[in-house]
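> Next come a sequence and a model predicted from it.
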Amino acid sequence: MRIESKAQFESLQAQARARYSDAQAEIHVCCGTGCLANGSKKVADAFAAEAEKRNGAGTPQLVVKSTGCHGFCERGPLVAFKPSGVLYTKVKAKSVEEIVEKTVEEGQILQRFLYKDPTDKSRIEQYADIPFYKHQNRVAMRNIGLVDPTDILDAVAEGAYAGLAKSLFEMTPEEVIDEVETSGLRGRGGAGFNTARKWRSCKKAPGDRRFVLCNGDEGDPGAFKDRSIMEGDPHSVIEGMIIGAYALGAHEGYIYVRDEYPLAIVNLMIAMEQARAYGLLGENIMGAGFDFDVKISRGGGAFVCGESSALMLSIAGKVGEPRAKYVHSTEKGLFDLPTVLNNVESWANIGAIIDRGGAWFASMGTEKSKGTKAFSLVGKVKNTGLIELEMGTTLRHIIFDIGGGTLGDRPFKAVQTGGPSGGCVPESLLDLPVDFEKLTEAGSMMGSGGMIVMDDRTCMVDVARYFLAFLIEESCGKCTPCREGLRQMLVIYDDLVEGRGKPGDIKRIERLAKGMQLGSLCELGKSAPNPVLSTLRDFRDEYEAHINDKACPAGMCRELTAYRILEDLCSGCHACFNACPVDAITGEPKSLHTIHHDACISCGACFDVCPDQAIETFPKKELIATEVV
Amino acid sequence: MTMEHCAVDLGPATEILAAYPPEEASLIQVLQDVHRAYNYLPCDVLGTVAKTLGVPLAKVFSVSTFYKAFSLEPQGDTIIKICVGTACHIRGAGQLVEELERQLGVGPDETTEDMKFTVKTVNCVGACAMAPVMIVGETYHGSAKPARVGRFLKETEADHAD
């Protein structure tokens, strides 16, 4: 059915909302990439089979939906029940029949599937009461987990395209931009440029043909909010783009999705096809006389293509080498025509902003950073996953209340934000309220919203070295400061982690960093020294230990670290013996084990599996010293 | 490049090219489809792509070597990707790469002699919550431990035998 008017859209909405009103229960099985890896496809199939058995002819009693990522990937596969609000974690396909019988039919809660609070070991029944969810406020991710991304009516029932209807029938393009301006929305891709200002600058550019683009090239390692939005609620992105196109008078758009996100591409294609069939995308949208269509452009696996000018070249079929920034893409962008490029999360916010008003959005957040922000909370933290919070939430609250603290309650060291362009925020700044300005002041940046928690077993020299190695691979090679600067820095870092560091190395690193900041063509090169400088500033003692003592305080750099078993603590559980990849550990079960240093490669596998904390690290040079004696 | 590599059937490539407008803007999308059809970019096909789209062969090569999704060498039946994004790195992705090297005798970007496996490292697949992640063929394995690598490989070989 094609929607030809506002009234028809409203009746579609009513019809979509009434669709399951008679159902006894809805079962939402998370089918995000995380849960899929844990076997959620089998779980969803089992629920569907079970529902089919029980549903007779007529209106279904049990509705099973495969939804996008609920965010709590650590506990997957996740299954949520409506209307009861109960959440089951780590559900296996073999338990599905029992769950339907007991929980759905008899209303009995099966304790073993409930989330167990790691602090007080209590079981929590309700989705909304779990600390991981309780503190969240979802706008961009408002429908993820509630809707089946392959069913447009699900999205419409939850309010998708309502903002579009309002724009097309009640607002002029100028009023749409005003509303976005009121919201204070800033680009969610990392730089935080004011969205309305970007739109105005494009709108002013001369010419009839202009483009609206979506940046789904989420390359920052450790970030996956855009993937989850595109996979779990593709309609929010499409709706946002249509509203943007209407405001700008654009009729063509592209969504650039990175090659590593195959499911996002599939779900976007399905969503676009369904939107076209309902007349919500394409010619004469909702009968309002506005035309706009969007194409998908698959990336080729190049981090630099997340940069705006490189992305546009890549859509045009060229090599993604950025150009200098004095030419604005709002005036000369894709095919040298005026172009607006916004991040996935920015677009996903637009529909809600128009529907509920810019003032509502601006009522959340801090003075200069309005609204909410999606983050991926990963690394050495208990509750890993995807969250969305009001801007201004403190890092401590995010990591310790929502994230549940560090893995194994090891001492917290730092949290890395902003990907390879960001930095590491140390413990002393944990009470920092997170927004664009505050993270920049702390020597890091917002970036794609990745937060990687690091504990005492993370070597900060190695982290900086990791980002350099990452960027060398991803640098396009066009400008010399970036291409050669990274290489020279890596040479020094290799020396540091392998015990060849010498006095003066820190100075040399700082000089190279300055040169790259001043001389690089694009942000990739200009911001590449950030992880280096931020670790140098807050963790200089670790650098000095590597250079002066030839020791890695975190016990991670292999050339500097050796392992030994503590006699008093070893219970002889044999776990280390089994974990050692090079058979460097000997010992019988229930007796003391020994690490043989001639064979040991210092990989740390034994350390990670030891349940008794009976393995410790020590500087390798002590070993060499004793051998000489 | 040996002649052997070039002895390929151009049929699938011709079909792919027919589906796109013959212009430079189609280049990356065409190469992606070609890569999917042949599991690499054979040199003969690149010549055909260049001619059909009216793009110099040098430019086609430039694009083929710039983007990491493309390989100019034939790849193994199963591609093993180890995510080396930050979250995976600090949770031990390096140990997985080493374990694969021990078991298969090949490092990143190399293919086993029997053409069964190609090992690749990728910079973040966006499944950071389950770090470290290893993708064997199409299957994602979260919280992957070196001790489980052998089992992943056996499961894949068993799948292929079916």
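Cool, got the structure. These numbers were taken from a predicted model, which means no experiment stands behind them.

> all contacts plus neighbour counts: C-alpha atoms, from now on.
Noted.

> Can you name the residues of chain B sitting close to chain A?
Selection of chain B residues close to chain A by C-alpha under 8 Å from any C-alpha of the partner chain yields B:24-29, B:32, B:62-63, B:66-70, B:85-88, B:90-91, B:95, B:99, B:123-131, B:139-142, B:146-147.

> Neighbours of the closest residue in space to residue A:118 that isn't next to it in sequence, how many?
With sequence-adjacent residues excluded and distances taken as C-alpha to C-alpha, 6 or more residues apart in numbering or on different chains, residue A:118 is closest to residue A:404, at 7.4 Å. Residues lying near residue A:404 (other C-alpha atoms under 10 Å in any protein chain shown) number 20.

> backbone phi and psi for residue A:234, please?
Phi and psi for residue A:234, reported as degrees, to the nearest 10, are phi -60, psi -30.

> So for the residue lying closest to it once chain neighbours are set aside, what's the pLDDT?
Spatial nearest neighbour of residue A:234, chain neighbours left out: residue A:268 (5.4 Å); criterion: C-alpha to C-alpha, 6+ apart. Turning to residue A:268, the model gives it a pLDDT of 98.

> Please name the residues that touch the closest residue to chain A within chain B.
Ranked by C-alpha to the nearest C-alpha, the top residue of chain B for proximity to chain A is residue B:25, at 4.2 Å. Shown in contact with residue B:25 (C-alpha atoms under 8 Å, 6 or more residues apart in numbering or on different chains): A:315, A:316, A:317, A:318.

> likewise residue A:529?
Residues in contact with residue A:529, defined by C-alpha under 8 Å, 6+ apart, are A:421, A:513, A:516, A:517.

> hmm, back to that, drop anything exposed from the residues of chain B next to chain A.
Buried members of those, scored by 16 or more other C-alpha atoms under 10 Å in any protein chain shown, are B:24-29, B:32, B:63, B:66-70, B:85-88, B:90-91, B:95, B:99, B:123-131, B:140-142, B:146-147.

> Helices - which of those land there?
B:27-29, B:32, B:63, B:66, B:86-88, B:90, B:95, B:99, B:146-147 (DSSP state H).

> Near chain B, which residues of the stretch 351-500 of chain A are found?
For the stretch 351-500 of chain A, the residues in contact with chain B (C-alpha under 8 Å from any C-alpha) are A:376-380, A:384-385, A:452, A:454, A:458, A:466, A:470, A:476.

> Show me where chain B has its strands.
Counting by DSSP state E, chain B has strands at residues B:78-83, B:110-111, B:117-122, B:134-136, B:139-141.

> buried ones in the helix or strand harbouring residue A:506?
For residue A:506, the host element (DSSP states H and E) is helix A:505-519. Within helix A:505-519, the residues that count as buried by 16+ other C-alpha under 10 Å are A:505, A:506, A:509, A:510, A:512, A:513, A:516, A:517.

> For those residues, give me TSV that also has pLDDT and distance to chain B.
As requested, these are arranged in TSV below (pLDDT from 0 to 100; distance: C-alpha to the nearest C-alpha, whole Å):
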residue	pLDDT	distance to chain B
A:505	97	24
A:506	97	23
A:509	97	22
A:510	96	23
A:512	97	23
A:513	96	21
A:516	96	22
A:517	95	23
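
> Show me the chain divided up by domain.
You didn't pick a chain, so chain A it is. A:20-130, A:152-362, A:372-455, A:460-549, A:559-628 (automatic domain parsing).

> think we crossed wires, I meant chain B
B:3-66, B:78-161.

> Just name the most buried of those domains.
domain B:78-161 (a mean of 20; mean count of other C-alpha atoms under 10 Å in any protein chain shown).

> Any figure for the gap between residue A:490 and residue A:460?
Remark: distance between residue A:490 and residue A:460 (C-alpha to C-alpha, to the nearest Å) = 14 Å.

> And these two? Which one has more around it.
residue A:460 (28 against 20).

> Torsion angles phi and psi at the more buried one?
phi -70, psi -30.

> pLDDT wise, what is it at?
96.

> ok, for it, nearest residue in space, not its chain neighbours?
residue A:535 (6.3 Å).

> starting at the chain centroid, how far to the host helix or strand of residue A:463?
Per DSSP H and E, residue A:463 falls inside helix A:460-474. How far helix A:460-474 lies from its chain's middle: 19 Å, per C-alpha atoms, centre = their mean, to the nearest Å.
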